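>>> below: sequence and its predicted model.
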Amino acid sequence: MLVIAKSQLESNQKAPAKKAYQDLIAKYPDSEAGGIAKQRLTTIK
């Protein structure tokens, strides 16, 4: 999911990337990937 969201963000698809990060955080809040998603989510404007 991180790779998908990153690819979407790089393609300037901010809304789908944001949703992918939010979904990842919801499913795996305490995982390493969840932490990375939380950090990346704060950079999307």
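Received, thanks. Numbering: from 1, shown residues only.
>>> helices of the protein, start to end?
Assigned by DSSP state H, the helices in the chain fall at 2-10, 14-27, 32-41.
>>> quick one, the last one and helix 2-10 angle?
So the one you mean is helix 32-41. Using axes from the mean of the first three to the mean of the last three CA atoms, to 10 degrees, the inter-axis angle of helix 32-41 relative to helix 2-10 is 10 degrees.
>>> so which elements touch helix 32-41?
helix 2-10, helix 14-27 (3 or more CB pairs under 8 Å, 6 or more residues apart in numbering; DSSP states H and E). Yep, even glycine has a C-beta here, placed from its N, CA and C like the rest.
>>> how big is the angle separating it from helix 14-27?
Going by the same axes, to 10 degrees, helix 32-41 makes 150 degrees with helix 14-27.
>>> other residues contacting helix 32-41?
Residues from elsewhere that reach helix 32-41 (CB atoms under 8 Å, 6 or more residues apart in numbering): 1, 2, 5, 6, 9, 18, 21, 22, 24, 25, 27, 28.
>>> now for the fifth one, how many residues are close by?
Right, residue 9. When neighbours are counted by other CB atoms under 10 Å, residue 9 registers 18.
>>> and it, what is it in contact with?
Residue 9 sits next to 17, 40, 44 when contact means CB under 8 Å, 6+ apart.
>>> likewise for the last one?
The neighbourhood of residue 28, defined by CB under 8 Å, 6+ apart, consists of residue 34.
>>> what distance do you get for it to residue 45?
24 Å (CB to CB, to the nearest Å).
>>> before we move on, the earlier item: dump the contacts of residue 9 to a markdown table, plus distance to residue 34 and neighbour count.
Below are the contacts of residue 9 laid out as a markdown table (distance: CB to CB, whole Å; neighbours: other CB atoms under 10 Å):
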| residue | distance to residue 34 | neighbour count |
| --- | --- | --- |
| 17 | 15 | 21 |
| 40 | 11 | 18 |
| 44 | 16 | 12 |
